[in-house]
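K.L.:
using only what follows, build the 3D model:
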Amino acid sequence: MVFQSNQADNIPNLYRNVNEAETPLPRSWSPKDKFNLIGLSQNNLRVHYKGIGKNPKDAASVRATHPIPAACGLYYFEIKIISKGRDGYIGVGLSTQGVNMNRLPGWEKNSYGYHGDDGHSFCSSGTGQSYGPTFTTGDVVGCGLNLVDNTCFYTKNGVNLGMAFADLPHNLYPTVGLQTPGEIIDANFGQQPFVFDIEEMRKELRTRTITNIEMFSVSIDGGSWQETLQRVVSTYLVHHGYCQTAEAFAKSTGQSITEEIASIRNRQRLQKLILAGRISEAIETTQSLYPGLLDRNLELLFKLKCRQFIEMVTGCDSEVKPSAHSPTRSALSSPCSSPARTLSHTNIGATSSLATNGFSSNDSNQQRALDIAPEATGNGVAPDAANGALANVGNGVMADEDMEMDEMPCVQESSATNASAKSMPSSSNAATQLYGSPARVYIDPTPSVRHLCGGNILAIEKLLAFGKELQIMNKELAKERDSNEENDKLMRDAFSLLAYNDPWNSPVGYQLQAEEREPVCAALNSAILESHNLPAKPSLELAIGQIKSCLKQMGKSGLGVCAFASVDDFINR
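P.N.:
Residues are numbered from 1 along each chain as shown. All right, here's what the predicted structure looks like:
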């Protein structure tokens with residue numbers, strides 16, 4: 001059996017705590033870090049000996065492409081002996097960078113090996129110690145590095161042979177060495193399932209680590225620890241706008257709330273609007289309640305407007321949500337509709353196209369959509385020819401009663417906000433769309449089809465004009481900074497939605513998901529808090545962030561225990 005690399009994606013699944021952008025995992029043998037008597041083939045996973053092998057001076061080794069990251073916690077690789085060759089002088093093990101490759105693993109300082117001809121282990125010395133059985137053609141030998149205890153163990157054909165080395169240095173590379181003609185081995189760095197069940201050992205290390213954390217004693221001084229935890233919980237509730245819960249918790253624990261209740265309610269209202277996709281209302285309300293906030297933070301305003309563009313695509317934003325007197329898709333496609341009314345604000349040439357697909361293939365609005373999204377077509381995104389960029393939209397707005405927040409009115413709102421704050425009732429029927437007053441209900445006869453801006457032509461006109469405004473705003477912001485890559489990408493991704501018949505099922509359709517509203521919601525919430533000289537993030541989130549950063553730093557410092565102390569695992573227990 002030859003170990004292939006066609007399942008290389010399995011490797012990151014073995015070491016989820018490793019950030020390969022910073023510390024790549026070993027995936028093959030290095031064609032550069034080897035002695036010249038070593039030959040590589042089959043994606044640099046097969047190693048064969050090319051020398052004459054008369055004496056130990058003819059030994060040759062090769063290291064893997066990268067050292068083993070400490071964040072692995074427990075690292076393991078296997079080799080299969082394809083042929084033991086003449087004498088089977090094969091060594092498997094670990095070594096640091098710079099160790100002489102004209103030697104078998106274990107013979108040099110900072111080199112460790114298990115040899116097949118005699119079963120001895122070699123630790124930075126030419127003198128071996130009795131360790132395990134010999135191995136030959138057909139055997140599978142594994143080498144494991146326990147980065148929690150800094151120990152090394154070996155396996156043969158799935159059987160653990162026990163600890164071979166201790167007190168190992170950091171930044172070790174998987175290493176293999178050969179010495180006589182005909183010796184061939186194949187490596188498996190995780191591309192294929194291992195013969196040895198490494199997961200059982202990994203579970204044991206994880207259980208041990210969690211137990212140590214839970215048993216760690218924390219000194220409590222007169223109840224101060226409990227008070228600290230209560231303050232952490234209180235600030236979290238206040239930060240996220242759980243007003244009634246925060247008040248009840250403060251009364252029961254004797255905590256004080258530093259922010260005025262009216263301010264919490266205002267932030268809560270804004271969060272509801274954004275999470276419901278009503279971004280234009282959120283912007284208007286923010287400008288009314290916190291004058292000058294968005295003017296001082298144009299980057300945030302741009303992010304909000306990009307999100308507004310996306311919600312206009314779905315038809316959720318009030319800017320494109322039709323009123324009771326706006327022409328809906330059913331009205332536009334009705335044979336009884338007045339042609340003047342149907343086409344008065346469009347350049348669409350045939351009502352029959354509206355009745356079938358909503359837009360003709362030569363629709364000028366399609367070209368206008370692509371005009372405001374040149375990056376979309378220039379980024380490997382091809383516009384669909386049949387229905388263009390202007391088809392298919394999601395329906396519905398999340399009503400306030402569906403939000404997982406306390407029901408609190410906004411203390412100070414503009415007249416426009418008051419008018420639009422009456423949430424549209426949510427519907428259990430996904431085919432029902434409510435436009436304006438309850439008396440006007442449009443039931444889509446084909447609920448599986450979604451249309452851009454709900455199929456409303458006037459709304460599409462607004463969407464295209466709004467896209468032009470976004471472009472202008474982005475250019476103005478670019479003048480104030482040397483680089484504007486983040487905003488460019490934000491706008492490009494939003495515009496790319498127009499290049500697809502069905503943006504919901506497109507490569508950029510993830511933007512239409514409700515959870516994508518959360519980052520901009522959090523950004524606005526933090527900006528409001530900062531404007532009141534309050535922390536932008538609650539202490540609980542800061543503590544979790546610090547713990548995660550600490551775990552990353554532990555990995556960089558060679559402390560493998562970080563692999564088994566996942567914050568997310570504790571939170572989701």
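
K.L.:
low-confidence ranges, this protein, go.
P.N.:
1-8, 218-223, 321-451, 454, 482-483, 573 (pLDDT under 70).

K.L.:
ok, longest helix in it?
P.N.:
Taking DSSP state H as the criterion, the chain has its longest helix at helix 457-479.

K.L.:
show me the helices in the stretch 201-350 of the chain, by range?
P.N.:
224-239, 243-253, 261-275, 279-289, 293-296, 298-314, 329-333, 339-343 (DSSP state H, counting those that start in this stretch).

K.L.:
nearest to residue 101, of those helices?
P.N.:
Taking Cβ to Cβ, helix 298-314 is the member of these nearest to residue 101, at 52.4 Å. (C-beta placed from N, C-alpha, C; glycine too.)

K.L.:
still on that earlier bit, and the longest helix of the chain with helix 279-289, angle?
P.N.:
If you take axes from the mean of the first three to the mean of the last three Cα atoms, to 10 degrees, helix 457-479 sits at 60 degrees to helix 279-289.

K.L.:
helices or strands next to helix 457-479 in the packing?
P.N.:
Where contact means 3 or more Cβ pairs under 8 Å, 6 or more residues apart in numbering; DSSP states H and E, helix 457-479 is packed against helix 298-314, helix 364-372, helix 485-496.

K.L.:
okay, buried residues for that helix please.
P.N.:
Buried residues in helix 457-479, counted by 16 or more other Cβ atoms under 10 Å: 457-464, 466-467, 470-471, 473-474, 477.

K.L.:
kindly report the same for stretch 523-540.
P.N.:
523, 524, 525, 526, 527, 528, 529, 536, 537, 538, 539, 540.

K.L.:
stretch 152-165 too?
P.N.:
The neighbour-count check on stretch 152-165 (16+ other Cβ under 10 Å) flags 152, 153, 154, 155, 156, 160, 161, 164, 165 as buried.

K.L.:
who's in contact with that stretch?
P.N.:
Here stretch 152-165 makes contact (Cβ atoms under 8 Å, 6 or more residues apart in numbering) with 78, 92-94, 112, 114, 121, 123, 131-133, 135, 139-146, 151, 166, 168, 195-197, 201.

K.L.:
can I get the buried part of those residues as one PyMOL selection?
P.N.:
Selection of buried members from those for PyMOL, criterion 16+ other Cβ under 10 Å:
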select buried, resi 78+92+93+94+112+114+121+123+131+132+135+139+140+141+142+143+144+145+146+168+195+196+201
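
K.L.:
ok so residue 186 is a strand residue?
P.N.:
Yes: assigned with DSSP: H, G, I helix; E, B strand; the rest coil, residue 186 falls within a strand.

K.L.:
that one reaches residue 80, doesn't it?
P.N.:
Yes: applying Cβ atoms under 8 Å as the test, residue 186 and residue 80 come out as touching, 4.8 Å apart.

K.L.:
Three-state assignment for the residue lying closest to residue 510 once chain neighbours are set aside, please.
P.N.:
Closest residue to residue 510 apart from its sequence neighbours, by Cβ to Cβ, 6 or more residues apart in numbering: residue 516 at 6.7 Å. Following three-state DSSP, we place residue 516 in the helix state.

K.L.:
among the buried residues of stretch 523-540, which are in strands?
P.N.:
Taking DSSP state E, every one of these sits outside strands.

K.L.:
which residues touch the closest residue to residue 560 other than its chain neighbours?
P.N.:
In this structure, residue 560 finds its nearest non-sequential neighbour in residue 147, 2.6 Å apart by Cβ to Cβ, 6+ apart. Taking Cβ under 8 Å, 6+ apart, we find residue 147 in contact with 68, 70, 72, 73, 74, 75, 558, 559, 560, 561, 563.

K.L.:
what about residue 147, distance to residue 25?
P.N.:
As judged by Cβ to Cβ, to the nearest Å, residue 147 and residue 25 stand 13 Å apart.

K.L.:
now do the shared contacts for these two.
P.N.:
Common neighbours of residue 147 and residue 25 (Cβ under 8 Å, 6+ apart) are 68, 72.

K.L.:
with just CA atoms, put stretch 196-211 into PDB.
P.N.:
Extracted as PDB, the C-alpha positions of stretch 196-211 are listed here (Å, rounded to 0.1, in the frame of the first residue of the first chain):
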ATOM      1  CA  PHE A 196      -2.600   3.200  15.300                       C
ATOM      2  CA  ASP A 197      -5.700   4.700  17.100                       C
ATOM      3  CA  ILE A 198      -4.200   8.100  18.000                       C
ATOM      4  CA  GLU A 199      -7.600   9.500  18.900                       C
ATOM      5  CA  GLU A 200      -7.800   7.500  22.100                       C
ATOM      6  CA  MET A 201      -4.600   9.000  23.400                       C
ATOM      7  CA  ARG A 202      -5.800  12.500  22.300                       C
ATOM      8  CA  LYS A 203      -9.000  12.000  24.300                       C
ATOM      9  CA  GLU A 204      -7.000  11.000  27.400                       C
ATOM     10  CA  LEU A 205      -4.800  14.200  27.200                       C
ATOM     11  CA  ARG A 206      -7.900  16.300  26.700                       C
ATOM     12  CA  THR A 207      -9.700  14.800  29.700                       C
ATOM     13  CA  ARG A 208      -6.600  15.300  31.800                       C
ATOM     14  CA  THR A 209      -6.200  18.900  30.800                       C
ATOM     15  CA  ILE A 210      -9.800  19.700  31.500                       C
ATOM     16  CA  THR A 211      -9.600  18.000  34.900                       C
END
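
K.L.:
list the contacts of it.
P.N.:
Here stretch 196-211 makes contact (Cβ under 8 Å, 6+ apart) with 14, 73-74, 76, 78, 142, 144, 146, 148, 155, 158-160, 561, 564-565, 569-570.

K.L.:
right, and residue 90 touches residue 182 too?
P.N.:
No: counting by Cβ under 8 Å, residue 90 stays clear of residue 182, with 10.9 Å between them.

K.L.:
who's more crowded, the two?
P.N.:
A count of neighbours by other Cβ atoms under 10 Å puts residue 90 above the other of residue 90 and residue 182, at 32 against 16.

K.L.:
for that one, which non-adjacent residue is spatially closest?
P.N.:
residue 116 (4.3 Å).

K.L.:
look up how far residue 142 lies from the one you found.
P.N.:
Residue 116 is 13 Å from residue 142, where distance means Cβ to Cβ.

K.L.:
same thing with residue 553?
P.N.:
Residue 553 sits 30 Å away from residue 142, taking Cβ to Cβ as the criterion.

K.L.:
count of neighbours near the nearest residue to residue 509 once chain neighbours are set aside?
P.N.:
Excluding its sequence neighbours, the residue lying closest to residue 509 (Cβ to Cβ, 6+ apart) is residue 503, at 5.4 Å. Neighbour count of residue 503, defined by other Cβ under 10 Å: 25.

K.L.:
rewinding a little: which of the buried residues of stretch 523-540 fall in helices?
P.N.:
Here DSSP H is the test, and these give 523, 524, 525, 526, 527, 528, 529, 539, 540 as lying in helices.

K.L.:
out of these, which comes closest to residue 213?
P.N.:
The closest of these, once distances to residue 213 are taken by Cβ to Cβ, is residue 540, at 17.9 Å.

K.L.:
for the longest helix of the chain, list the C-alpha coordinates in CSV.
P.N.:
The C-alpha trace of helix 457-479 is given here as CSV (Å, rounded to 0.1, in the frame of the first residue of the first chain):
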residue,chain,number,x,y,z
ILE,A,457,-39.4,47.9,-10.1
LEU,A,458,-39.3,51.1,-8.2
ALA,A,459,-37.3,49.4,-5.5
ILE,A,460,-34.8,48.2,-8.1
GLU,A,461,-34.4,51.7,-9.4
LYS,A,462,-33.6,52.8,-5.8
LEU,A,463,-31.2,49.9,-5.4
LEU,A,464,-29.2,50.9,-8.5
ALA,A,465,-29.1,54.6,-7.5
PHE,A,466,-28.0,53.6,-4.0
GLY,A,467,-25.2,51.6,-5.5
LYS,A,468,-23.9,54.7,-7.3
GLU,A,469,-24.0,56.6,-4.0
LEU,A,470,-22.0,53.9,-2.3
GLN,A,471,-19.3,54.1,-5.0
ILE,A,472,-19.0,57.8,-4.6
MET,A,473,-18.8,57.5,-0.8
ASN,A,474,-16.1,54.8,-1.1
LYS,A,475,-14.0,57.1,-3.4
GLU,A,476,-14.3,60.0,-0.9
LEU,A,477,-13.2,57.7,1.9
ALA,A,478,-10.3,56.5,-0.2
LYS,A,479,-8.9,60.0,-0.5
